[in-house]
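Novice: My questions are about this predicted structure, shown below with the sequence.
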Amino acid sequence: MVETYTYFRRTKVSRDAVVYKGALEEMPNPETGPAPTYVAEMSFRTFALHENTDSGTRILLTGHYEGILGRSAVIKGDHLLSMAKEGGLFDDGWSFTYMADSYRWRVAWFGRRWTLEDRNKNVLAKLERASFKYTKIGVLEILTEMDDDLKALVLITCEVVHRTIKSSEAAAASS
């Protein structure tokens, strides 16, 4: 069963992302539309993934970047501790661990599609980045069944990768 989520910037100038279940073209009106399924709060050194439920909001994961350049991160949840790190010069994307398995976001040098692979190179999820949309980030498809903790890691690391790529693109454009 494929699960689809659409990422949007919370506001035009926000670092945060709101994540809605389903493939959407436009972000629902925050005042009259449905609440986002998840909110990824992103700051310079820390981040968190919140889930909105009928009974309120709960924090699923928190994390912080490590090192001067923030090329690695520690992610914690109720039942997990994961390490994530950015690839090197010729190693695209970010990788993270979960339950002694490793996963890697493969970020295309050209194009808008990213894939999440396990250590056997099976594609578990893919993100199609939005083009020419200021608030829409992209549509994530989770292609395989996974437990809630791994899904939360996929959701937050997708946004961590997005923030890294956007920062790199902005730096390249300004130089």
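Specialist: Now that the structure is in, tell me what you want to look at. Numbering: from 1, shown residues only.
Novice: what's the model's confidence in the longest strand anywhere in the chain, averaged?
Specialist: Assignment by DSSP state E gives strand 56-66 as the longest strand of the chain. The average pLDDT within strand 56-66 is 95.
Novice: what do you get for stretch 28-39?
Specialist: 91.
Novice: Give the buried residues for it.
Specialist: P36, T37, Y38, V39 (16 or more other CB atoms under 10 Å). In short, each C-beta sits where N, CA and C put it, glycine included.
Novice: just how off-centre is the longest strand of the chain within its chain?
Specialist: 12 Å (CA atoms, centre = their mean, to the nearest Å).
Novice: what comes into contact with the next helix or strand after it?
Specialist: Remark: after strand 56-66, the chain's next helix or strand is strand 72-77, criterion DSSP states H and E. Residues external to strand 72-77 that are found in contact with it (CB atoms under 8 Å, 6 or more residues apart in numbering): 47, 60-66, 81-86, 96, 149, 152-153, 156-157, 160.
Novice: Show me which positions of strand 72-77 end up buried.
Specialist: S72, A73, I75, G77.
Novice: Noted, bye for now.
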